[in-house]
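Enquirer: any chance you could fold what I've pasted below:
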Amino acid sequence: MTDKARLANPNAIINTKYNNAHLFLGDGKKVHIRTGNKTIEHVLTIVNKHTRKLQEDEEFAA
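Expert: This is a model prediction of the structure:
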């Protein structure tokens, strides 16, 4: 995780011990990702896809 990502997501924890990730987004939604053999870059791409959609919705509502 980059320093910029850590600053933007201070509560984010990355643990490679388990084969899944549970995300709790700002709008209260939960995202569960089965990480399996995915690289951290691929997992972050999936996370960015979901958070980008949330950000677009917030910007549209403003």
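Enquirer: surely I33 is within a helix?
Expert: No. Read with DSSP: H, G, I helix; E, B strand; the rest coil, I33 is strand and lies in no helix.
Enquirer: look up how far I40 lies from it.
Expert: Distance of I33 to I40, computed by CB to CB, to the nearest Å: 12 Å. Where C-beta positions appear, they are placed from N, C-alpha and C, glycine not excepted.
Enquirer: so where do the strands sit in the protein?
Expert: 20-24, 30-34 (DSSP state E).
Enquirer: flag every buried residue along the last one.
Expert: Taking 16 or more other CB atoms under 10 Å as the basis for neighbour counts, the residues of strand 30-34 that come out buried are I33.
Enquirer: that one pairs with which strands, and in what direction?
Expert: The pairing partners recorded for strand 30-34 under DSSP bridges are strand 20-24 (antiparallel).
Enquirer: contacts for the partner strand, please.
Expert: The list of residues contacting strand 20-24 from outside it, by CB atoms under 8 Å, 6 or more residues apart in numbering, reads K30, V31, H32, I33, R34, T35, V43, V47, H50.
Enquirer: so how far is Y18 from the fifth one?
Expert: This points to R34. R34 is 10 Å from Y18, by CB to CB.
Enquirer: mind checking the end-to-end distance for stretch 7-20?
Expert: Separation of the first and last residues of stretch 7-20 by CA to CA, to the nearest Å is 23 Å.
Enquirer: rewinding a little: now the strands of the chain in CSV, with distance to E56 and mean pLDDT?
Expert: Formatted as CSV, the strands of the chain follow (distance: least, CB to CB, whole Å; pLDDT from 0 to 100):
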stretch, distance to E56, mean pLDDT
strand 20-24, 17, 80
strand 30-34, 16, 83
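Enquirer: dump these into a markdown table; add distance to N11 as well.
Expert: Formatted as a markdown table, the strands of the chain follow (distance: least, CB to CB, whole Å):
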| stretch | distance to N11 |
| --- | --- |
| strand 20-24 | 9 |
| strand 30-34 | 14 |
